[in-house]
Structures are given as structure tokens and as C-alpha cells.
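Enquirer: below are the sequence and a predicted model; questions follow.
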Amino acid sequence: MAATLKKLSWVGEDVRLADVDAALAQLRSEASRDRPSMRTSVMTHIAWVPADWVEQARAALEGMAERHPSRTILLFPEPDADDNRIDARAEVERWEVPDTDRGLVTEVVELTLRGSRAEAPASIIEPLLISDLPVFLRWRGEPPWGAQQLEQLVDVTDRLIVDSIEWAEVPGPYRRLAELFPRCAASDIAWARTSRWRSHLATLWPAIGDVRTVGVRGTAAQAWLLCGWLRSRLGRDDIALEHDPAEQLEGVLLDGDAVPLPPGDPPAPSDVLSDELERFTPNPVYEAAVLATVE
Amino acid sequence: MSTTAPDRQQENPLAEGLALRRTPDPCALVIFGASGDLTHKKLMPALYALAVRRLLPPRFAIVGVARTGGDDGSFREDMANAVKQHARDPFRQDVWDELAAQLHYLATDFADSSGEDKLHGLLGELDEKEELGGKRVFYLAVPPPAFPTIVEALGKRRDERGWTRLVVEKPFGHDLASAKELTATLLEYFKEEEIFRIDHYLGKETVQNMLALRFANGIFEPIWNRQFVDHVQITVAESIGIEARAGYYEQAGAIRDIFQNHLLQLLALTAMEPPIDFTSASVHNEKVKVLRALHTPAPRSVVRGQYGRGFIEGEEVVAYREEAGVAAESMTETFVAAKLYVDNWRWADTPFYVRMGKRLARHETTIAIQFKEAPHPPFEESAAEGVRPNVLVVHVQPDEGVSLAIGAKVPGQGMTIRTVHMDFLYGGTFRTGMPEAYERLILDTMLGDSTLFTRADEVEEQWLLVDSIVAAWQRDKPSFPNYPSGTWGPPSAEELLHRDGRAWRRP
């Protein structure tokens, strides 16, 4: 893993976005003072992070900038704040490019949107998007379906990334998520975490084609998504789900018979998010599985 | 939603959308020359990297064959050390334990027919135990003189149940006649599609990126021709000497070691027409067209050199003729530069300047496409005097990536233009670690994909050109050594371009 050579930051209260842009330029220049550095970006990564998710959001970023050099914009909405303003923190990290005398810089911008400034987030991130690169929106927790903030951000986003494990109750919200499919591609980290099991279950074809009940020990989201996947792929809406709650996906039973564990280790959280950031087009298999959970 | 039961004859509906990994069939990989450098430094580290990423077949066996005495235990220990020393991934005991259990060793000499019996017996046992279905990859990591004996022995005892693939390391002969002879030997027992001739350069990500750069970007292909390209420069420079390979190098020289294979393959990838698809046959067909179109260079368009004493990274190094195992009056070339022409519609009259050598100023392989100058820059002469023509450089190694040299205005009053670089560095954008060439090539062999290997007709076209150059060399005897170590070759290499009003770019 490459070493971070330098980390520089800037903090401002009640800022304008031009201040943030200027601060980023200044930080990039400082980071490149000793050795030449490139600003290489493959995307703009936005995360909408309500107060309860701040720590998890920061943790998920660990190691990700290294795999996906990007401008990351973390939006911390505080709609109930007493005043209306934007507080900002900009950070530039300089990474060593192995076997060269050059480095590259990545950028993280944290914007705290206080009071009414949390109402129109698209107008805040638009000036900070990197031209011509895809925009990924990571929404922590269950999105406020139909709310102005979500609607606005979806319209400037190429891909919405959610983790339906973070949602209080499924499968109901999947119907609302499916309403967004025509507007932007969607990724679900809960779905990504079932990939080892899906690959493994696929090897059981054609015998699996007759399954009547699928038992899943894991989160409700993963149980419903696996069941929806089988229903949609096999073209059968009569497959029943038996869900045995657990913190993570631990086992699958087909008509009561346990399926052996799939080979390999479960992926790390940052790897799962990172893999989703490499997809650019809608995933029709996922979309069909989501629809099959609620039809 | 339909409740119709699925049709059992249909394709697996659960497989759709899954990121199916390219996992080969269960098979046995037999490495001849298992005690050699290639196995230690490249093959086993590559197999370990594939094991880390779970890309090896679910049921698999590796059989090391060499004359050196030993058994499974000592081979596993030896290979563990090789992995610790040379692998790109940190050593993981759990991964290694799993891989080591699949390692077997056979100490035998194939010149002795009992060696064949032993290997045949061992593979039979492994077939039964691991259910490998008679599928075999035979990897010849041995010197060429050993090929015929091994190929004949393997060919006579082919297991007809599964597939067989034969991997051959270069050199593929030492001239056209011997290359044809080798091909004939191989074809006596194996079909062309079963033969995988490795040129490890083709397994490098950056070499494959040449195809992506050219054929996935609409902006380059329209200007990738004689109308817009002034010339092409290909440099394969090494700063190391011949190390312990005097025996081989004295016979081969730079022209057989690098020019005949790596360099001409890089040229073919640079100059080829777009293939209709990315199948092995389509890519080979386009490459071989370029090789056939290569014009035999006149003697004055080829320069050879041999390094004398000099300095590399501040350290004094000996001359080629002073290297251990090299004849005191050796006339072997360690440097070749040439001006080549691809005689076809796209490249007519566009020179491809190529150079390769040992003990050059730095280790670097690049392909540089130099475009023609702007026809009428509307600036004062002094403003643009620092401007050089646009150059698109593919950095094959090190600093893998692509850079484009463009003219840009220097900030300030007035109009001064300087050449600046826009860089794409693999390490700076895709930070997932570059796979070693051998990882890709070993995996492709097991998968039966020969796109990144060299076909017999390509090898023969390459030798045809080399033979004509070497034949011309018989007529004169240059004064060797003619370049100091740590420089960019003999002055005549500079002359080669100066005559055309051009200069080598500084890599």
C-alpha cells in the first residue's frame, strides 16, 4: 500500500463555495511544493451523511481514495441548526506513486449544511463537481423518499449507492428505490455483499430451479434480495422466504437443506464500496431482484 | 410474473450479471526446468499471486520437473522461499499452505526414458486423486536444446481424455531455418492452437493498453497514420549488463535477444490495423500483416554497438568483453538501432526508429508517436522556440502510463510557449497494483486463450527480417566497443536520425 506523504487541510466557517475552491487550489499547490504531484481523478464522490452516520462515513473512506483518486464531498446536513450557513473543511492528501518521484493528490471536502442551506444541496455541489467525470452519490441510511434533497441530488448523479442493510424495514422501501431506476443507476452494498453466495448458488443450476423455499440467515435486506434474485432469475414468484435474522449473511438453505459455505473470504467494507464505484451502467439483474421483492 | 418452471436446456439464468471470474478447468501444470531462475523469479511468484486472488482452478496440481535431486518437501520449501523473495503480494501462510499441497516434484532427466515413465505415472495418480480429467499444461522453462526430447516424449504419451497445452519460452530458434525446424518439431506432436509461445512483453498491462489506447479512443485512430505522424520511436533500454548469461548472449546478441521478439512485437502492435474483434486469430492476423509489410532496411539504416567501460548510477562497470564468459575479441552486439518502414497504405514513408541495448543510460521501454508540427503557428519565432512537436508516449516500463506533450502558454505578459506534459500514470489512477505479465499469461494458457502469445507465422516473419540484417553484418567488422556504458549507444545511432533532420527523444 502506498504511503501518504502529506496531508494538508483548511477550515472555514460561513464560507462561499469559491472559498472552498480557492482553498483546494492552494492546498494542491502546497502539497506539490517539494515534488511534482498530479491531481488525478476518476470521479466525484458525494456522500449525504446525516448526523448518525458521520463516523461510519469517514471510516468507509479509509483506503478508498487510494483506489479511486477522486474529489470526495461529504455533506453533513444540520437542518435544525439555529443559523443558515455552510461550514467547510477541505483536505488534500498527497500519495506516493510507487517507483516514481511523483505523487498524486486527492481531495476531501466536508460541508456542514446548516439551517436552510441543507434544503438545496444540488446547488451547493454543482460548482464543486469535476467536469466530465461521473458522479457517485452515497446515501447513508434510508433516503427520505420524495424529499427535495434526494430528488435534487439524484438528478446530478450518475449512480446512487445505498446500503439497504441500513434501512429500518424491508422490503417496503425497495418499491421507492425502484422508482428511481429510470433516473439514475443504483447500487446496493447489501446486494454486493451477497455476490459470493449468488455465484455459489449459480453453480447449483439446474437443480436449484425447483427450489420452493429459500432460507437465509443474515440481514433482512440480504434475505429479501437473495429471494428476489432467485424469483426474478428463475421466473418464479412462488419461492418463499424464511428469514433467520443475523448481523451478516451467514448461511443459505434451499428447501431446508443447508448450502455449503462459498469459497473465499467475505470482502472488506471498503472493497465492497470500491467495487461499486467501478460500475457505471445500470444493473438490470439487481433491478429485477429489487422489483421481485415487492411484486 | 411467470410461474413457468425453467427450461433445463436453457443457459443458467442465475449466471447472468455475475462477475464470473476467468477460472480455468481443473488441470495439471508441469514445469520443466523447475529448479531454474525462471521458475523461482517469475513462475512460482505468478502462481502465488493467482492463488491469492483465487484465480487458479478449483482442482489443480503443479509438477516441477528438473534434474536436480529433491522431493516434494524440499521443492515446497524452495518454492516458499522463492515466493517470499519475489512475489508482489505479502506472504500469507494460509494461501501458501493451500498452494503447497498442490506442489509435487519429480527429479529426473528426460534424456532417460524412465523419466517419461515416472512423469506419466505421477500425472496418472494426480488425475485420479484430483479428478483432473487428463488436462495438462506443459511449461518448457528449459534451454532450447532440451525441447525436442521433451516434446517428443510428451507428444508420444498424450492423454487423449483432456486438452493439452504446451508453453514454449523464447528463443524460438536462432534464425529462420532453426525456427522452422522448431515449429516442425512442435507441430509433429501438437497442433498450432495447443502451442503457446511466450513473449512476456505481451503480458504487460501497458502493452495491452496500446490496444485500448488506439481502439477504445476515437481521437487517436484518425490521426494514427502517415498524414499526421512524422515518425515513431521505440526504445527498449536496459541499464543492466548481461549478468550471468554470457553463454546465451554471446550467441544471441541484442538482435536475437530483444529485437527479433519484444521489439518487433511492440512495433506490430503500434502499426497494426484495427482487428475485427479481440479474438486470438484476429489479433494475430493483423500483427502478421505488419510484420510482412516491414521493409528490409538498407545496411546504413541499421546500427550495432557494443558497450565498453563506463558508469551506471555512479558505479564503474566493466566492458562487455570483460564480462565473465565473454570472448576477449567478441563481436557480439549489445545495441541495435534501425530505421524501419512499414510498407502499407497507412504508414508509407513514415520511419519507425527503433533502438535497444544493454548498459544504456537508464532502464526504460517506450513507444513514442511524434506528430507533425503545426503547419503555420501564428506566433513570433521567439515565442515558440521552446516548442517541440506533439509526442504521444506510451511508457511500457517503468512509470507505466501514457503522456502527451503539448505546447502551452507560459503565464505572464506576452506570448511565450513551452512544451508541457499531460500524464496518465497507471500507478496514479488505477491504484490496485499491476499484475505481473506472467500471471496473465499463465492464466491465459490454462484458459486456452492465445491472444497474447506469438503465432508461428509471426515468429517466422520476425526471423526473416533479422536474418537479412545479420546477413548484411557479415560484410563488415565494426570497431567494438563503440559506446561507453551509461550512454545512449554509439554516435552512429544519433547519426541515423540526424541524417533525416531528427533526433532521438530523451526517454
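Expert: Received the coordinates, thanks. Numbers count the residues shown, from 1 in each chain, chains lettered A, B, ... in the order given.

Enquirer: can you tell me how far residue B:191 sits from residue B:280?
Expert: Counting by Cβ to Cβ, to the nearest Å, the separation of residue B:191 from residue B:280 is 13 Å. In this view, the C-beta of every residue, glycine as well, is placed from N, C-alpha and C.

Enquirer: go on, residue A:191?
Expert: Taking Cβ to Cβ, one finds residue A:191 at 35 Å from residue B:280.

Enquirer: just want the residue of chain A that's nearest chain B.
Expert: Relative to chain B, the nearest point of chain A is residue A:285 (3.1 Å; Cβ to the nearest Cβ).

Enquirer: with adjacent residues omitted, what lies nearest to residue B:120?
Expert: residue B:157 (5.4 Å; Cβ to Cβ, 6 or more residues apart in numbering or on different chains).

Enquirer: show the backbone phi and psi for the one you found.
Expert: Per-residue torsions, residue B:157: phi -120, psi 40 (degrees, to the nearest 10).

Enquirer: so it touches residue B:118, yeah?
Expert: No. Residue B:157 is not in contact with residue B:118 according to Cβ atoms under 8 Å; the separation is 11.7 Å.

Enquirer: is stretch A:192-208 anywhere near chain B?
Expert: Yes. Using Cβ under 8 Å from any Cβ of the partner chain, stretch A:192-208 reaches chain B at A:195, A:198, A:199, A:201, A:202, A:205, A:206, A:208.

Enquirer: okay, and which of the residues you listed map to helices?
Expert: Judged by DSSP state H, the subset of these located in helices is A:195, A:198, A:199, A:201, A:202.

Enquirer: pretty sure the first one is touching residue B:18, no?
Expert: Yes. The criterion here is Cβ under 8 Å, and residue A:195 meets it with residue B:18 at 7.2 Å.

Enquirer: the more surrounded of those two?
Expert: A direct count of neighbours by other Cβ atoms under 10 Å in any protein chain shown for residue A:195 and residue B:18 places residue A:195 higher, at 17 against 14.

Enquirer: thinking again about what came up before, looking at the residues of stretch A:192-208 next to chain B, which is nearest residue B:75?
Expert: The nearest member of these to residue B:75, counting by Cβ to Cβ, is residue A:199 at 33.0 Å.

Enquirer: next one: the closest one from residue A:165, what distance?
Expert: According to Cβ to Cβ, residue A:199 stands 20 Å off from residue A:165.

Enquirer: same check on residue B:293?
Expert: Counting by Cβ to Cβ - residue B:293 and residue A:165 are separated by 59 Å.

Enquirer: quick check: can you list the domain ranges of chain B?
Expert: Chain B breaks down by automatic domain parsing into domains covering B:22-169, B:203-498.

Enquirer: more neighbours: residue B:191 and residue B:280, which one.
Expert: residue B:280 (17 against 10).

Enquirer: contact partners for the residue of the stretch 201-350 of chain B found nearest chain A?
Expert: Here the residue of the stretch 201-350 of chain B nearest chain A is residue B:206; by Cβ to the nearest Cβ that distance is 13.1 Å. By Cβ atoms under 8 Å, 6 or more residues apart in numbering or on different chains, the contact set of residue B:206 is B:394, B:395, B:396, B:397, B:400, B:401, B:426.

Enquirer: which residue is the nearest non-sequential neighbour of the closest residue to chain A within the stretch 1-150 of chain B?
Expert: For the stretch 1-150 of chain B, the residue closest to chain A is residue B:17, as judged by Cβ to the nearest Cβ, at 3.1 Å. Among residues not flanking residue B:17 along the chain, residue A:285 sits closest, at 3.1 Å (Cβ to Cβ, 6+ apart).

Enquirer: likewise residue B:331?
Expert: Residue B:331 sits nearest to residue B:480 (Cβ to Cβ, 6+ apart), 6.2 Å away.

Enquirer: strand partners (parallel or antiparallel) of the helix or strand hosting residue B:402?
Expert: Assessed by DSSP states H and E, residue B:402 sits inside strand B:401-409. The pairing partners recorded for strand B:401-409 under DSSP bridges are strand B:391-397 (antiparallel), strand B:417-425 (antiparallel).

Enquirer: domain-wise, how is chain A divided?
Expert: Per automatic domain parsing, the domain ranges recorded for chain A read A:4-157, A:192-294.

Enquirer: make a markdown table out of these and add mean pLDDT.
Expert: Listed next are those as a markdown table, based on pLDDT from 0 to 100:
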| stretch | mean pLDDT |
| --- | --- |
| domain A:4-157 | 84 |
| domain A:192-294 | 90 |
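
Enquirer: next, count neighbours for residue B:316.
Expert: Neighbours of residue B:316 using other Cβ under 10 Å come to 10.

Enquirer: what's near enough to touch it?
Expert: By Cβ under 8 Å, 6+ apart, residue B:316 lies in contact with B:309, B:310.

Enquirer: the one 10 residues further on now?
Expert: By Cβ under 8 Å, 6+ apart, the contact list for residue B:326 reads B:242, B:246, B:249, B:250, B:320, B:332.

Enquirer: which of these fall in helices?
Expert: Residues of the contacts of residue B:326 located in helices (DSSP H): B:246, B:249, B:250.

Enquirer: ok, those vs residue A:267, which is closest?
Expert: Nearest member of the ones in helices among the contacts of residue B:326 to residue A:267, counting by Cβ to Cβ, is residue B:249, at 46.6 Å.

Enquirer: surely that closest one and residue B:330 touch.
Expert: No. Between residue B:249 and residue B:330 there is no contact under Cβ under 8 Å: 9.5 Å.

Enquirer: is the residue nearest the centre of chain B in a helix, a strand, or coil?
Expert: In chain B, the C-alpha closest to the average C-alpha coordinate belongs to residue B:201, at a distance of 1.7 Å (Cα atoms, centre = their mean). Judged by DSSP: H, G, I helix; E, B strand; the rest coil, the three-state class of residue B:201 is helix.

Enquirer: and if you look at residue B:389?
Expert: coil.

Enquirer: just give the nearest non-adjacent residue to it, would you?
Expert: The nearest residue in space to residue B:389 (Cβ to Cβ, 6+ apart) is residue B:373, at 4.9 Å.

Enquirer: which strand or helix spans that neighbour?
Expert: Residue B:373 belongs to no helix or strand, assigned by DSSP H and E.
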